[in-house]
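A.B. asks: this one's structure only:
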Ligand SMILES: C[S@@+](CC[C@H](N)C(=O)[O-])C[C@H]1O[C@@H](n2cnc3c(N)ncnc32)[C@H](O)[C@@H]1O
């Protein structure tokens, strides 16, 4: 099943065009090492949802093939440019698609990766049901997401969410993604260490959760 294309406007194009520049320092000092730990060891057929400009591309080291799913043309342009700039390495392709309707057969993938994506998909529950559907038995869901905090953090997250929806590609800081991911009913979750957010300047995305979940429960209609 396919869904209609997502509307792209001037702001979302600007977000895509500035993404790598704005996050360059954070990638170098903070996110990059987490990405390496998260996806570096994934093997077999891998797909990434909301791959953006391809920040994870250089961190794959053991996969047979990586399909990078990205619904926004402006993001895909940067992603394709990154792929075109590679010389050799793991075969990768960029494809159009939404997390809520993934272009893969049931049980056809060894790993699905989602990094900083579930904050902005329209329907988190459906996206996670799709992750479960496309993973083969024993397949891995590797995630790095920011989730709703408590107390003052939560107040700040709620306050900034209208701004990040508008200027940061529909990103919501007020989503309880930790609970949503726990709802996948994984048999095993291997947490990936994220340094204390106190060490992170310029990154209001907290708390960050990262891990590799295996043995996900199958969606009810499968
Ligand atoms: C903050 S960016 C993260 C990009 C990349 N995953 C990374 O780690 O840098 C969020 C991405 O999610 C994508 N996105 C938004 N809605 C989506 C949906 N329904 N399905 C798949 N991707 C979506 C956006 O186009 C954007 O590329």
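C.D. replies: Ah, there it is. These figures come from a predicted structure and were not determined experimentally.
A.B. asks: interface residues of this structure facing the ligand?
C.D. replies: Counting by C-beta under 6 Å from any ligand atom, the residues of the chain close to the ligand are 49-52, 55, 70-72, 75, 98-100, 115-117, 120-122, 169, 171. (C-beta placed from N, C-alpha, C; glycine too.)
A.B. asks: need the contact list for residue 62.
C.D. replies: Counting by C-beta atoms under 8 Å, 6 or more residues apart in numbering, residue 62 touches 40-43.
A.B. asks: export the residues you listed as TSV, with columns for pLDDT, secondary structure and neighbour count.
C.D. replies: Formatted as TSV, the contacts of residue 62 follow (pLDDT from 0 to 100; DSSP: H, G, I helix; E, B strand; the rest coil; neighbours: other C-beta atoms under 10 Å):
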residue	pLDDT	secondary structure	neighbour count
40	98	coil	13
41	97	coil	15
42	98	coil	25
43	98	coil	13
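A.B. asks: distance to residue 12 added to those residues, as CSV?
C.D. replies: Converted to CSV, the contacts of residue 62 look like this (distance: C-beta to C-beta, whole Å):
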residue, distance to residue 12
40, 30
41, 33
42, 29
43, 34
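A.B. asks: how distant is the longest strand along the chain from the center of its chain?
C.D. replies: The residue-count maximum for a strand in the chain (DSSP state E) belongs to strand 135-146. Centre-to-centre, strand 135-146 and its host chain are 10 Å apart (C-alpha atoms, centre = their mean, to the nearest Å).
A.B. asks: that strand: what's the following helix or strand?
C.D. replies: Counting by DSSP states H and E, the next helix or strand C-terminal to strand 135-146 is helix 151-167.
A.B. asks: in that following helix, what counts as buried?
C.D. replies: Buried positions in helix 151-167, judged by neighbour count with 16 or more other C-beta atoms under 10 Å: 157, 160-161, 164-165.
A.B. asks: no further queries at this time; thank you.
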